[in-house]
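Asks: coords please:
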Amino acid sequence: MLSLLGVLLAVTAVGGARLLNAAAVHSAAREVRDLLAFARDQAVANSTRVAVRFESSPARVLVHRGSDTIARTDLSRTNVRLEATRDSMAYGPAGLGVGASNLRLLLTRGARQDTIVISRLGRVRDGR
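Replies: Numbering: from 1, shown residues only. Sure, this is the predicted structure:
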């Protein structure tokens, strides 16, 4: 009976960890998408360039208008790792991306991953 309880606890712990990892990655991806939308909205509203910087260690996303940091999110607080193909991107006054190539963000915790792709025009989509 005790060994059966041990097996059930082990299965539950593994499933629970997977669920927590999935929830953390999903939440982090939503935060990053929201921050990118905010950056684009700020560029259009203020008719200026707004930069978004991606840091791997610690995993953070920062939004800058001029020399001011106007928004940020710290993904490392939930143990989500961030990898980016570039360290930054920018939105111009028309809300279009400034730069010559697509940007791919990979958010990871445990075995769970989510990919966000930002086109060179600044459009955000899932990388699935």
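
Asks: how about the helices in this protein?
Replies: Ranges of helices within the chain are 2-46, based on DSSP state H.

Asks: okay, now the unreliable bits of it?
Replies: Within the chain, the segments meeting pLDDT under 70 span 1-2, 4-15, 100, 127-128.

Asks: could you redo the last one with a cut-off of 80?
Replies: 1-16, 99-100, 127-128 (pLDDT under 80).

Asks: residue nearest the centroid of it?
Replies: Taking C-alpha atoms, centre = their mean, the centroid of the chain lies closest to Val32, which sits 3.8 Å from it.

Asks: tell me if I'm right that it and Thr73 touch.
Replies: Yes. Between Val32 and Thr73 there is a contact under C-beta atoms under 8 Å: 7.0 Å. Where you see a C-beta, it was placed from the backbone N, CA and C, and this is true even at glycine.

Asks: pull up the overlap in contacts between the two.
Replies: Shared contacts of Val32 and Thr73, defined by C-beta atoms under 8 Å, 6 or more residues apart in numbering, comprise Val61.

Asks: for the nearest residue to Tyr91 once chain neighbours are set aside, give its distance to Asp114.
Replies: If the residues on either side of it in the chain are set aside, Tyr91 comes closest to Ala43, at 3.9 Å by C-beta to C-beta, 6 or more residues apart in numbering. Distance of Ala43 to Asp114, given as C-beta to C-beta, to the nearest Å: 25 Å.

Asks: which of the two has more residues huddled nearby?
Replies: Neighbour tally, Ala43 and Asp114, criterion other C-beta atoms under 10 Å: the higher count belongs to Ala43, 26 against 20.

Asks: that one and Val124, how far apart?
Replies: Distance from Ala43 to Val124, by C-beta to C-beta: 14 Å.
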